[in-house]
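# Return a 3D structure for these sequence lines:
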Amino acid sequence: MQSDREPSERKKPSSQLRWEDLADLILIVAREIHFRGYRDEKALSLSPSEGMVMRHLVAQASATPSQIASATGLQRTNVSTVLRDLEEKGLIERHVDPQDRRGVSVHRTRRGAENYALVRKEWGDAVSAAAGGNGDKLEDALALLRSIEIGLTSTRPKTGR
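Numbers count the residues shown, from 1 in each chain. Next up is the predicted model:
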């Protein structure tokens, strides 16, 4: 039986190929979730970068643009663009620091928190339906993906911000 893998891939240990398969599937699943959009017309669509910023602001009530850049891995200049877009959608507010007028803190709005909860529910519904509602290995999958997330974010390359 001939493999459809490249000759160099056939020489890799099977566990290495499985990790490559997992990484590839994670990217495919993320794209499919983003591609399908939302059923609820109240849900505002978020770009991947907007989603990362909102995820951070749901976990942290407020943050500076520099803190957001560091937490999300986005370039500082890209954060400014994302914040402007989120502000135009009414999902965040920027507040000037009264002590240091140059400083700004970013806060999610009520609409921002509600929208994030709504889109997150739709993501969960889509993933559950795609899996046929089978949650037998869900806890193991969540633990593995959390471990991967922590490992990747803790070893993120430093970029010029």
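
# contacts and neighbour counts: CA atoms only from here.
Will do.

# and the spatially most central residue of the chain, what pLDDT?
When C-alpha atoms, centre = their mean is applied to the chain, the residue found nearest the centroid is M52 (4.4 Å). On pLDDT, M52 comes in at 92.

# Off-centre distance for the one helix or strand it maps to?
Per DSSP states H and E, M52 falls inside helix 48-59. With C-alpha atoms, centre = their mean, to the nearest Å as the basis, helix 48-59 stands 7 Å off its chain's centre.

# Need the contact partners of it.
With contact meaning C-alpha atoms under 8 Å, 6 or more residues apart in numbering, helix 48-59 is reached by 34, 63, 68, 71-72, 74, 82-83, 86, 107-108, 112-113, 116.

# do that again at 7 Å, thanks
Residues from elsewhere that reach helix 48-59 (C-alpha atoms under 7 Å, 6 or more residues apart in numbering): I68, T72, V82, L86, H107, R108, A113, Y116.

# try stretch 90-106
With C-alpha under 7 Å, 6+ apart, stretch 90-106 has contacts from S62, A63, T64, P65, L86, E87, H107, R108, T109, R111, G112.

# Now which of the residues you listed would you call buried?
Applying 16 or more other C-alpha atoms under 10 Å to those, the neighbour count classes S62, A63, P65, L86, E87, H107, R108, T109, G112 as buried.

# Relative to N78, which of those residues is nearest.
Nearest to N78 among the buried ones among the contacts of stretch 90-106: P65, at 10.1 Å, using C-alpha to C-alpha.
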